[in-house]
Structures are given as structure tokens and as C-alpha cells.
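Undergrad: sequence unknown, structure follows:
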């Protein structure tokens, strides 16, 4: 008798589960729709991710590391400064850092200007004045 009840219960729950529709990935995405004509849950509407190149520097003296204004400028140019002190465990060796920096700086010379570093320094000074980080 108990076996018949258990098997009938399992059969009923199995039939109930068969009637349910499986949700797709799009149905699980959160909706943040600000425009009525656009469906926010489509894969094509997701924000575009960009990969930034890194320039490794040993200290953050002249790059104003952590300033949002400078970060926006460097992201717009396609790179980001990474402060990585020398001889730290788990960091790249000097050869890897040198070759990486050489490649990124060469790309900046070709895509931006041969004077990209001077242009960036001027923009960093403006950001420093706007944010109040200018000392002296």
C-alpha cells in the first residue's frame, strides 16, 4: 500500500514537471529597459566589452593612479597603467614587462601620435587641477 502511494505521488509530481516550460537564458536576464522600443534582455543589447592594453610602471609618481579622469582618458586611448613594483612575487619578469610596454607604446605612436606622452602629460595636469590633486 505504501509503495503504491509513493509511486503514485512520484508519478503525479513527474507529470506536473513535464507540463512546465524550461526557461531560456534570456528569461533569466534582469530587465533594465529604459526605452520602450528596445528589448533590454537580448544578447545583442548587452554592453560591449573592450580589452585594454597595460603599461607596467614601477611607481605611480607621474601617472595620477586612481584618478577617474585620467582613467577615462587612458581607456579612451585603449590602455591602462598598472603599478607593479620590482621584485614582487607573482609579477612579470623585466623582459616581459619591457616587451609588453614596447608593444603598447609602439601602438600608441602609430594610432595616436609620436608625441602621445606629452599630450597625455598635459591632460593629466588638467585632470590634476580639476580634481584638486595638484600639490605645490
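TA: Good, I have the coordinates. Predicted model only: the values in this text are computed from it and were never measured. Numbers count the residues shown, from 1 in each chain.

Undergrad: ok, residue 98 - how many residues close by?
TA: For residue 98, the neighbour count with other C-beta atoms under 10 Å is 12. Glycine gets a C-beta too; all of them are placed from N, C-alpha and C.

Undergrad: buried stuff in the helix or strand hosting it?
TA: Using DSSP states H and E, the secondary-structure element containing residue 98 is helix 94-111. Along helix 94-111, the positions that meet the burial threshold by neighbour count (16 or more other C-beta atoms under 10 Å) are 97, 100, 104, 108.

Undergrad: please identify which of the residues you listed is nearest to residue 132.
TA: Proximity of these to residue 132 was ranked by C-beta to C-beta; the top entry is residue 108 with 28.0 Å.

Undergrad: can you pull the contacts of that closest one?
TA: Under the criterion of C-beta atoms under 8 Å, 6 or more residues apart in numbering, the contact list for residue 108 reads 77, 79, 116.

Undergrad: on the three-state scheme, the nearest residue to residue 74 once chain neighbours are set aside is what?
TA: The shortest distance from residue 74 to any non-neighbouring residue, by C-beta to C-beta, 6 or more residues apart in numbering, is to residue 80 (5.4 Å). When states are read from DSSP: H, G, I helix; E, B strand; the rest coil, the local structure at residue 80 comes out as strand.

Undergrad: contacts only, for residue 80.
TA: Applying C-beta under 8 Å, 6+ apart, one finds that residue 80 lies in contact with 52, 53, 54, 55, 71, 74.
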